[in-house]
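> Take a look and give me a structure for this.
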Amino acid sequence: MNAGAPHMNRVRVGGGSPTAHHDVAIVGAGAVGLLLGCLLARRGLDVVVLERRETPGERTRAIGIHPPGLRALDAAGVGAAVREASVPIRSGVVLCEGAVLGTMRFHGEPIRSLPQRDTEALLAARLAEVAPSALRRGIRVTGVRDRGTHAEVFVDGDAAIAAAYVVGADGIRSTVREALSIEVRARRGTGEYVMVDTVDASDDGDLARLHFEPAGVVESFPLPGGRRRWVARVRRAPAVLEPRTIATIAAARVGVDLEADAMDRPAAFTARQRLADRFAEGRIALVGDAAHEISPIGGQGMNLGWLDAVHLDRALAAALAGGASAAPHEAFDAYAAARRRAAIRAMRQAAFNMAMGAPITGMRLHARNAAVRVLAVPPMRGALAAAFTMRRL
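Below is the predicted model of the structure:
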């Protein structure tokens, strides 16, 4: 516990013995929850981060770190470490059936590529530096409640953890959101994808490739350690996904020979768009995937969640600085309104991207390719690059 935290006191929970009262309790130690924990701890606030998993996840998951997300990591104190561990993506090319439709160059700070597990490890290490006892693993949260003067997080065994404010950073199947009876609604944009990380046998370097093929988009991005990620749109994910499945797709659509023996375990996922009706209620707020689910390709969801965390960090600091006389039920109003608008903008962009990469033939294919060519020339190219790098969120 942070000895310098100015807002600690003791409260009774559920009629039982006194429980430490934290400034903020964060449910979920993914990339977003860890970043928010680091931001709050750097302010000297008493924060606890509760995570169900005993150990960190091993899958690479999201890899794209966009310039606004990198600034958030800088604020948390891990930006330099992320730059050192990651590889840059400085440019991109869009192709169809071997023909170049357009190119983009990301001027200034490039997109960085780093597996999410590695980013989370850096954030967890940073949190351990600034708040050694903040991260608690193996804690399964079963519910939350706003008590008016504080909020409670219920965990296995009927215990409770009290805090001035609670944040649900517990993903698309959020227990916190469910406990608040907040509905999520589907929005436009969905698609089925398969992906795999493998040895990079190309000479593409820091180049991202987007093959807008008739059978569906095939994308590839550089990874650290001489590896590369391949993502392909499919009409329906196969019931059994093997490395040779993705190798066959890459060979058939873009003529690239991927070695199945050099691949990590492949994965299939559904990119969908869903938005929570509310991002906050009383002393409890939602952040990241708990508030909005968007396409994870390119790290869009992760970066959007980090920008949520930056806004939420400021909102929480202001609320806690106001003391007991502040209006706690209004602490998240501005945050919720601003970040809901940002999520809607991000979903529109993700839906557009998914539509551009969907299977398409005939005249529609020609019209799509013509549109890509228009978007790839000034001044549209600059606007498109800004959208892809999430500079407007």
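> Quick check: which helices or strands does the helix or strand containing Gly33 pack against?
Element membership for Gly33, per DSSP states H and E: helix 31-42. Applying 3 or more CB pairs under 8 Å, 6 or more residues apart in numbering; DSSP states H and E, one finds that helix 31-42 contacts strand 18-27, strand 47-51, helix 67-76, helix 116-130, helix 300-321. From N, CA and C alone the C-beta is placed, and that goes for glycine too.
> Figure out which of the ones you listed is closest to Arg209.
Arg209 sits nearest to helix 300-321 of all these, at 18.1 Å, using CB to CB.
> Which positions in the helix or strand that the closest one is followed by come out as buried?
Going down the chain from helix 300-321, the next helix or strand is helix 333-356, by DSSP H and E. For helix 333-356, burial by neighbour count (16 or more other CB atoms under 10 Å) applies to 335-336, 339-340, 342-343, 346-351, 353-354, 356.
> do the same with stretch 174-191
Using 16+ other CB under 10 Å as the test for burial, stretch 174-191 gives 174-177, 179-180, 182, 184, 187, 189, 191.
> Out of those, the closest to Arg272 would be?
Minimum distance to Arg272 across the buried residues of stretch 174-191 is 7.3 Å, recorded for Gly189 (CB to CB).
> what's the helix or strand harbouring that closest one packed up against?
In this structure, Gly189 sits in strand 184-199 according to DSSP H and E. The contact analysis (3+ CB pairs under 8 Å, 6+ apart) places strand 184-199 against strand 227-234, helix 243-254, strand 267-276, helix 333-356.
> rerun at 6 Å
strand 227-234, strand 267-276, helix 333-356 (3 or more CB pairs under 6 Å, 6 or more residues apart in numbering; DSSP states H and E).
> contacts for the first one?
What that stands for is strand 227-234. 191-197, 200, 216-223, 249, 357 (CB atoms under 6 Å, 6 or more residues apart in numbering).
> How far does that strand sit from its chain's centre?
Relative to its chain's centre, strand 227-234 lies at 18 Å (CA atoms, centre = their mean, to the nearest Å).
> Give me the angle between it and helix 243-254.
Strand 227-234 and helix 243-254 are oriented at 80 degrees to each other (axes from the mean of the first three to the mean of the last three CA atoms, to 10 degrees).
> Now do strand 227-234, average pLDDT.
Confidence for strand 227-234, expressed as mean pLDDT, is 96.
> same check, this time on the longest one
Confidence over helix 333-356 (mean pLDDT, whole number) is 93.
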